[in-house]
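In: Sharing a model prediction with you, sequence too.
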Amino acid sequence: MKKYLLVFLMLICCGLSMLAQQQNEGGKTRPKVGLVLGGGGAKGAAAIGILKELEREKIPVDYIAGTSIGAIIGGLYAQGYRADDLEKLFRSQNWLALLADRDTTLVGKVYKEEDGVIYVFGFPVRRKADADNNTGFWMLHGDHVYNFLDSLVSRSPVQRGIVKRAIPFSCVAFDIRRQQEIVLDTGSLARNMRASMAIPGAFKPVQIDTLMLVDGGMGNNLPVDVVRKMGADIVIAVDLQQRKRDDYRSPFSFLKGLGGILDWLAERPDIKKYNVNRTKADLYINPDLGSYGVTDFNAKAIKAILKIGEDTGILYRKQLGTFMKDHQR
């Protein structure tokens with residue numbers, strides 16, 4: 001009996017081997033596609049237009065890595081939300097209220113100075129005299145944004161069984177204690193996304209065990225290397241940076257004195273890695289966002305940024321259409 005069983009197993013193995021050989025000889029295999037979404041605050045709305053084109057061209061996404069707003073968009077996309085869902089979210093959400101942990105209906109500007117006092121999201125953050133002396137400091141807790149992200153994850157298409165499985169996802173944060181990049185791919189997704197977007201000096205860091213995590217843009221704002229390590233054969237990267245030193249200086253430039261953290265962020269400490277990662281992407285997409293900045297979360301700006309993203313996606317339509325064919329092997 002054992003002899004017959006052994007022969008049967010050998011025949012199965014031979015059959016599978018022959019089938020695999022036929023597939024390799026007769027057809028091309030699809031490479032694994034990695035999607036990278038860079039940081040950029042409100043400018044992240046532009047990435048949604050790129051996602052729309054990926055969907056139109058039926059380009060599969062096997063892995064996603066993101067930083068800051070790219071972590072939020074990427075994390076939700078990995079959970080089954082589609083580009084149209086994310087567009088509705090960006091259009092309908094009061095982002096200022098969400099980020100500020102308060103109702104900002106009557107807040108005209110994110111940052112302003114009035115009667116010698118500096119305000120962020122309508123909060124009196126510090127006196128101008130204190131800012132000049134680099135003393136006094138206030139921080140947004142980020143509780144509302146965490147709860148919001150947690151609710152989106154808990155009722156995502158994946159969690160509700162509408163989409164069978166989540167896309168493997170990693171996001172980048174930065175440990176200010178050890179001053180090193182941290183890749184988050186396990187544990188609470190909402191917590192990981194919240195950590196990746198915690199602009200130092202503006203938002204309270206997220207503590208995970210001994211790690212004190214802030215915005216991943218301090219270490220890796222375009223994590224092409226991360227998605228490669230996840231297993232991607234080819235990488236599509238959406239970079240929201242408009243120049244080497246982006247607009248992190250405004251409106252948070254008054255916080256530069258906090259141990260130099262904000263100044264370090266503004267000077268782009270990851271610039272060497274950033275430049276390498278840009279060249280390592282197989283398809284590098286950098287929407288022209290003009291003068292729009294990281295804090296332009298008002299409805300008019302979001303509408304315009306979404307449109308820029310969609311127009312950029314259309315410009316890349318032909319490239320995206322031939323992308324998979326060119327990379328099949």
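Out: All right, it came through fine.
In: Next up, phi/psi of the residue lying closest to Asn221 once chain neighbours are set aside, please.
Out: Nearest residue to Asn221, sequence neighbours excluded (C-beta to C-beta, 6 or more residues apart in numbering): Gly39, at 4.8 Å. Yep, even glycine has a C-beta here, placed from its N, CA and C like the rest. Dihedral pair for Gly39: phi -80, psi 160, per degrees, to the nearest 10.
In: in the stretch 101-250 of the chain, which spans are strands?
Out: In the stretch 101-250 of the chain, the strands defined using DSSP state E, counting those that start in this stretch lie at 111-114, 117-120, 123-127, 169-175, 180-184, 206-208, 211-215, 234-238.
In: Who are the packing partners of the fifth one?
Out: Looking back up the chat, that one is strand 180-184. strand 169-175, helix 189-196, strand 211-215 (3 or more C-beta pairs under 8 Å, 6 or more residues apart in numbering; DSSP states H and E).
In: Now the second one - C-alpha only, PDB.
Out: These are the backbone C-alpha positions of helix 189-196, laid out as PDB (Å, rounded to 0.1, in the frame of the first residue of the first chain):
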ATOM      1  CA  LEU A 189      -3.500  50.200  11.700                       C
ATOM      2  CA  ALA A 190      -5.200  53.400  13.000                       C
ATOM      3  CA  ARG A 191      -2.400  53.900  15.600                       C
ATOM      4  CA  ASN A 192       0.300  53.300  12.900                       C
ATOM      5  CA  MET A 193      -1.300  55.800  10.600                       C
ATOM      6  CA  ARG A 194      -1.600  58.300  13.400                       C
ATOM      7  CA  ALA A 195       2.100  57.900  14.300                       C
ATOM      8  CA  SER A 196       3.200  58.400  10.700                       C
END
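In: what angle do it and strand 211-215 make?
Out: 70 degrees (axes from the mean of the first three to the mean of the last three C-alpha atoms, to 10 degrees).
In: just flag whichever of the strands of the stretch 101-250 of the chain has the lowest average confidence.
Out: Per-stretch mean pLDDT for those is lowest at strand 123-127 (a mean of 49).
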